[in-house]
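Participant: sequence first, predicted coordinates after that:
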Amino acid sequence: MSDETLTRVLAGLEGRRFRGRSDLYRWLRANYKRLAPRVEQDEIPWGVLAREIAAAGLKNRKGAPPSADSVRRIWRTVCRDLAREAAAKAQRHTRKYPSRISPNWRPQVVEPPRPVASAGAPPSSPSVSQSSLGQVEGGPGSGLVDFPTVDASGAPLPEGQVFYRGQPMLRRVAEQLARIERQAREMDRFK
Amino acid sequence: MDLPSMEPIVADTASEFIAGSADPMRIATIIDGRGRAGKTTVANVFVQFCRERGANLRVWNADRQNETHSLSVFHPDAIRPPSDDPDDKGAWLEEAFDAQMEERFNSVLDLAGGDPLVRLLARETELVATLERRGVRTVLWQVLGPDVADLDYLKLSMDSGLFAPATLLVLNAGLVRSKRSVEAVFAEVTDHKVFIDAVTRGAQVVWFPGLVCMNRVAERGLSFGEAKQGIVKPGQQRFALFDQTRVEIFWAKQIPAVFAQIPANWLPAMSDRAAGSKGDIQ
């Protein structure tokens, strides 16, 4: 295969990467390393970034210039995808040493804690709705959300930190942010 | 972000708190935020919710600029400063907190939009720590709309020392009038460094739900309990049936769900507290 052919084939393959993704996604992904530090420092408002992207001629699927909301949303998707890929890569590269643990070992079974409020609630207490705003089950500390524990470059984060919204943060902070996002989406469903 | 993380002060269990004796602290709730962010509405809901459940609290209405939908319209026992003069208001507020530390009661303070009154006092007297030492826990309710400028007031609270270990960030979804996505409209606020710093420092976040007919309830000077039952005052038009249903959903489902997310010991003791209240978030 000639060099020219190989170049053409590789270019064709490159064009097929992230098939089904928008041009905006590809652009943000391609420029992630340069953009991330500035976005993290809150230097670039989404509106300004959207205007610059539009001025460069980049359009969304409908052929319209991207809005600040869509840039912000797709940026989060890019951050999430990169973190997941980095985590998967880190796992692949982890060397497996021979186990020194007996094959018969089983983890200790621990009873799940009982809910605290049920026993002490007086009979006259009004019931609390578990509506969109009352999703206590997904609240801080519920541990229902699985956050990456490596940053976008694949470097492991310090204990107690996770990678969310394109930046490292405390797990409980990420859990609160994820909860309010989920609740907002619930509210939007009924609009 | 290397901000020190403050552990939220929370009750061990909700049942302990329901019993009424586990937490000897009284609560000074301060409703703060930018003008038109919905502070008085939030304060009104807070007072009605707590009092319906047997809480004993005094209402301090420091917002003399807002007469039509003032907290005093809904709660005639609300105490007001003698005038809008900053010195008068400052002296009035100091006396009010002094009495609270001496007599030990719960209070709620509704400030005028952007009023620096309490921040000045907080900076000068280390208000939060001073009250805490005398058995009064400050709980700051920072009301935020979708405008990034609303975060300026949160920043001011953080800088002045008013930002308490018990701080609630109240995202007022009621300000989103259009059909636009609440998530998208508030994204700039919830993505902002100041907001994330506040959560890192221990603030809890709740959504405050919108009520389409809020103005129609307020204009009639009705409590939410009255509005959901269709009660009107003499000379007023009847309350539309769909609006009654809206208020019913708001008052009986959505608002209890909001309060259920607030740590139990950030609220005044209630003799008839909701069973699902969360008192053990860590």
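Facilitator: Cool, the structure landed.

Participant: and for A:Leu49, the neighbour number?
Facilitator: 19 (other C-beta atoms under 10 Å in any protein chain shown). Yep, even glycine has a C-beta here, placed from its N, CA and C like the rest.

Participant: please apply the same query to B:Thr167.
Facilitator: Number of residues near B:Thr167 (other C-beta under 10 Å) recorded here: 28.

Participant: quick one: classify it as helix, strand or coil.
Facilitator: Using DSSP: H, G, I helix; E, B strand; the rest coil, the structure places B:Thr167 in strand.

Participant: quick one: the strands in the chain?
Facilitator: If you meant another chain, say so; for now it's chain A. In chain A, strands defined by DSSP state E lie at A:161-164, A:167-170, listed in chain order.

Participant: wrong one, chain B
Facilitator: Counting by DSSP E, the strands of chain B are B:26-33, B:57-61, B:106-110, B:136-144, B:166-172, B:204-208.

Participant: test of understanding: give the bridge partners of B:Val59.
Facilitator: B:Val108 (DSSP bridges).

Participant: now do the contacts for it.
Facilitator: By C-beta atoms under 8 Å, 6 or more residues apart in numbering or on different chains, the contact set of B:Val59 is B:Ala43, B:Val47, B:Leu71, B:His75, B:Asp77, B:Ala78, B:Ile79, B:Ser107, B:Val108, B:Asp110.

Participant: can you do 6 Å?
Facilitator: Residues near B:Val59 by C-beta atoms under 6 Å, 6 or more residues apart in numbering or on different chains: B:Val47, B:His75, B:Ala78, B:Val108.

Participant: could you identify which of the strands of chain A is most buried?
Facilitator: Of the strands of chain A, the one with the most neighbours on average (mean count of other C-beta atoms under 10 Å in any protein chain shown) is strand A:161-164, at a mean of 22.

Participant: so A:Ala184 touches B:Ala184, yeah?
Facilitator: No - if you go by C-beta atoms under 6 Å, A:Ala184 and B:Ala184 don't touch, sitting 8.6 Å apart.

Participant: okay, the two: which has more neighbours?
Facilitator: A:Ala184 (23 against 18).

Participant: any idea how far A:Arg29 is from the closest residue to that one other than its chain neighbours?
Facilitator: Spatial nearest neighbour of A:Ala184, chain neighbours left out: B:Glu183 (3.8 Å); criterion: C-beta to C-beta, 6 or more residues apart in numbering or on different chains. According to C-beta to C-beta, to the nearest Å, B:Glu183 and A:Arg29 sit 23 Å apart.

Participant: and B:Ile249, by the same measure?
Facilitator: 43 Å.

Participant: before we move on, what about A:Gly160?
Facilitator: 28 Å.

Participant: could you do B:Ile196 as well?
Facilitator: Between B:Ile196 and A:Arg29 the distance is 24 Å, computed by C-beta to C-beta.

Participant: which of those two has more neighbours?
Facilitator: Using other C-beta under 10 Å as the criterion, B:Ile196 and A:Arg29 rank with B:Ile196 on top: 24 against 19.

Participant: my guess is A:Phe163 contacts A:Thr149, does it?
Facilitator: No - at 7.1 Å, A:Phe163 does not count as touching A:Thr149 under the criterion of C-beta under 6 Å.

Participant: residue ranges of the helices in the chain, please?
Facilitator: Because you didn't say which chain, this covers chain A. Here chain A has its helices, by DSSP state H, at A:3-16, A:23-30, A:32-40, A:46-55, A:68-93, A:117-120, A:171-189.

Participant: wrong chain, I was asking about chain B
Facilitator: Assigned by DSSP H, chain B shows helices spanning B:14-19, B:39-52, B:71-74, B:86-103, B:117-125, B:127-133, B:150-160, B:182-190, B:193-200, B:214-219, B:224-228, B:241-249, B:255-259.

Participant: still on that earlier bit, I'd like the helices of chain A as TSV, with mean pLDDT appended.
Facilitator: Shown next, in TSV, are the helices of chain A (pLDDT from 0 to 100):
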stretch	mean pLDDT
helix A:3-16	63
helix A:23-30	85
helix A:32-40	82
helix A:46-55	86
helix A:68-93	83
helix A:117-120	37
helix A:171-189	92
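
Participant: could you dump the ones you listed into a markdown table and include distance to B:Ala227?
Facilitator: What follows is the helices of chain A, written out as a markdown table (distance: least, C-beta to C-beta, whole Å):
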| stretch | distance to B:Ala227 |
| --- | --- |
| helix A:3-16 | 59 |
| helix A:23-30 | 46 |
| helix A:32-40 | 45 |
| helix A:46-55 | 39 |
| helix A:68-93 | 35 |
| helix A:117-120 | 29 |
| helix A:171-189 | 21 |
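
Participant: ok now stretch B:197-207, how far from the chain's centre?
Facilitator: In terms of C-alpha atoms, centre = their mean, to the nearest Å, the centre of stretch B:197-207 is set 15 Å apart from its chain centre.

Participant: hmm, that stretch touching chain A?
Facilitator: Yes - judged by C-beta under 6 Å from any C-beta of the partner chain, stretch B:197-207 comes into contact with chain A through B:Val199, B:Thr200, B:Val205, B:Trp207.

Participant: neighbour-wise, which of those residues leads?
Facilitator: B:Trp207 leads the residues of stretch B:197-207 next to chain A on contacts (other C-beta under 10 Å) with 25 neighbours.

Participant: kindly state the beta-bridge partners for that residue.
Facilitator: Bridge pairing for B:Trp207 (DSSP bridges) gives the partners B:Leu171.
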